[in-house]
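Visitor: need a structure here:
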Amino acid sequence: MAALLTAPLAAHAQSAPVPGPVSRPRQVRADENLPVPQVSFEGPALTFDFPAVEIGVAEYEAGPTGGTVLLFRAPVMAAVDVRGGAPGTVNTDALRLAYDAPFVSAIALAGGSAYGLAFATGIANVLKERTAAPGDWRNIAVVPGAIIFDLGGRRFNAITPDERLARAALGAVRAGSIPMGARGAGRFAMQGGYLGDRQHSGQGAAFRQVGNTKVLVVTVVNALGSIVERNGRLLRCSHPVAGDCGLVADRLSSHLESLTEPKLSDSSVGNHSGLTANTTITVVVTNQALPYWALQRLAVQVHNSMARAIQPFGTEFDGDTLFAVTTGEVKNAKLGTVDLGLLASEAAWDAILASPPELPPARPRVDVAVTPALTDAYVGRYEFAPGVTAEIRRSGTGLEMGVTGQDSQYLPVGQWISLHAAGVDEFELGTARADRVLLERDRRGRITGLTLNPGAWPVKALRLPPG
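Guide: Residues are numbered from 1 along each chain as shown. Coordinates of the predicted model:
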């Protein structure tokens with residue numbers, strides 16, 4: 001999916017875009033048929049001192065999905081390193097031409113799989129509006145981008161980042177701060193599927209400085225592998241023992257020993273040509289002036305190092321992409337290229353460890369008697385998306401739930417899962433994940449729909465009329 005620029009970039013890079021009257025981002029019109037961009041966030045954020053780069057984040061909560069843009073105050077030089085067998089990128093071929101000159105205006109990261117590449121082209125279109133003589137080849141806004149897969153088994157809708165979301169993200173850019181966790185392009189990211197224990201991850205960032213050399217790393221972890229702490233232990237798991245998820249080496253050894261048994265991981269997801277369900281996308285920005293060859297080696301060194309923090313890494317089912325950028329502001333003769341790579345590699349591990357979101361406390365179960373009248377009220381069909389329908393039906397004195405149309409990590413197609421009362425209008429699925437199902441009512445008390453996993457990652461369905 002990489003698109004090659006046809007303009008002579010070496011010449012292009014000799015002059016920055018001609019400043020012109022800057023148009024303010026247009027107000028996004030509220031429309032009941034369109035998702036509304038969200039640009040204001042609470043929660044963890046990294047603050048840093050790097051004025052040459054501004055970061056904007058926007059999300060569609062209705063997805064949920066989002067995008068993140070790194071906007072540079074002047075054109076920068078960039079390189080790219082792609083690992084794994086399923087990348088989703090745009091304008092990366094231009095970065096492989098080895099021009100020792102700055103021509104990149106911004107870098108875009110987004111959810112939405114291949115559809116989310118519209119976020120990168122949207123950023124370019126908005127920058128075009130802000131540039132005098134935007135048709136002059138010297139002023140073209142070059143915006144490389146990469147995406148993660150956040151559709152399919154984790155949410156049934158097809159809301160994806162687009163130009164409207166890009167406009168909102170550019171309107172929200174700021175220096176010195178980036179939200180972390182389930183934010184921006186990492187709004188619905190996950191990791192750990194290879195070991196059959198998917199956990200929420202997200203957008204992480206880290207900043208380090210040696211002398212006057214600065215390094216900022218932004219990463220979105222949506223990996224098949226699992227995040228590993230510096231002590232070699234898994235960062236998160238479904239059933240920790242005394243808060244400990246164990247050594248990744250032990251888990252991987254156990255996995256290899258069990259290969260003769262039915263495989264529990266979801267690495268078979270995407271066992272086809274094209275994009276798959278896992279990707280880690282990263283941007284490394286330094287102010288250290290570097291020739292192109294050194295910038296490319298920085299990208300390779302840092303990307304190699306990330307195999308410490310995500311295991312396994314760069315598989316055929318991952319689309320890992322890393323952009324390395326230099327703003328070219330300083331020359332630090334005391335910091336060699338290998339040292340710079342080490343500094344950036346340590347920052348990358350910091351950023352990966354910062355990517356998992358804060359999890360809400362477990363909702364306590366409340367003993368509730370499900371009367372025959374309530375049972376009758378819950379029974380029915382619920383549509384997550386066109387062609388994806390769940391049904392709640394009676395099973396003895398209780399209830400069970402099944403889904404048709406699309407497999408997911410919550411409800412396997414073709415299986416009936418028991419529902420255990422966990423609160424008022426709330427049930428727990430009888431699966432290893434024990435996801436919650438909340439039945440929703442209107443003001444008159446009628447059941448109108450349901451939500452899988454009410455909270456930070458809701459998956460909603462509307463009740464269908466009988467018949």
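Visitor: and residue 226, how far is that from residue 169?
Guide: Per Cβ to Cβ, to the nearest Å, residue 226 is found 29 Å from residue 169. In this view, the C-beta of every residue, glycine as well, is placed from N, C-alpha and C.
Visitor: so residue 172 sits right up against residue 56, yeah?
Guide: Yes. Look at residue 172 against residue 56 with Cβ atoms under 8 Å: they come within range, at 4.6 Å.
Visitor: and those two? Which one has more around it.
Guide: residue 56 (25 against 19; other Cβ atoms under 10 Å).
Visitor: beta-bridge partners for that one, please?
Guide: Applying DSSP bridges to residue 56 gives these bridge partners: residue 69.
Visitor: cool, and residue 421?
Guide: Under the criterion used (DSSP bridges), residue 421 bridges to residue 427.
Visitor: can you tell me which residues contact it?
Guide: 367-370, 427-428 (Cβ atoms under 8 Å, 6 or more residues apart in numbering).
Visitor: closest to residue 234 among these?
Guide: Of all the contacts of residue 421, residue 234 sits closest to residue 428, with 24.6 Å by Cβ to Cβ.
Visitor: so how far is residue 379 from that closest one?
Guide: From residue 428 over to residue 379 (counting by Cβ to Cβ), the distance is 18 Å.
Visitor: likewise residue 310?
Guide: 44 Å.
Visitor: between those two, which one's more packed in?
Guide: Ranked by neighbour count (other Cβ under 10 Å), residue 310 and residue 379 place residue 310 first, with 26 against 14.
Visitor: test my guess that that one contacts residue 355.
Guide: No. Contact criterion Cβ under 8 Å: residue 310 and residue 355 do not qualify, at 10.0 Å.
Visitor: identify the contacts common to these two.
Guide: The contact lists of residue 310 and residue 355 share 221, 227, where a contact means Cβ under 8 Å, 6+ apart.
Visitor: does residue 377 count as helix, strand or coil?
Guide: helix (DSSP: H, G, I helix; E, B strand; the rest coil).
Visitor: how close does the residue nearest to it when sequence neighbours are not counted get to residue 170?
Guide: The spatially closest residue to residue 377, leaving aside those adjacent along the chain, is residue 447, at 5.5 Å (Cβ to Cβ, 6 or more residues apart in numbering). Residue 447 is 41 Å from residue 170, where distance means Cβ to Cβ.
Visitor: more crowded one of these two?
Guide: Each of residue 447 and residue 170 has its neighbours counted (other Cβ under 10 Å); residue 170 has more, 23 against 18.
Visitor: identify the residue spatially nearest to the more buried one, adjacent ones excluded.
Guide: Nearest to residue 170 is residue 126, by Cβ to Cβ, 6+ apart, at 5.0 Å.
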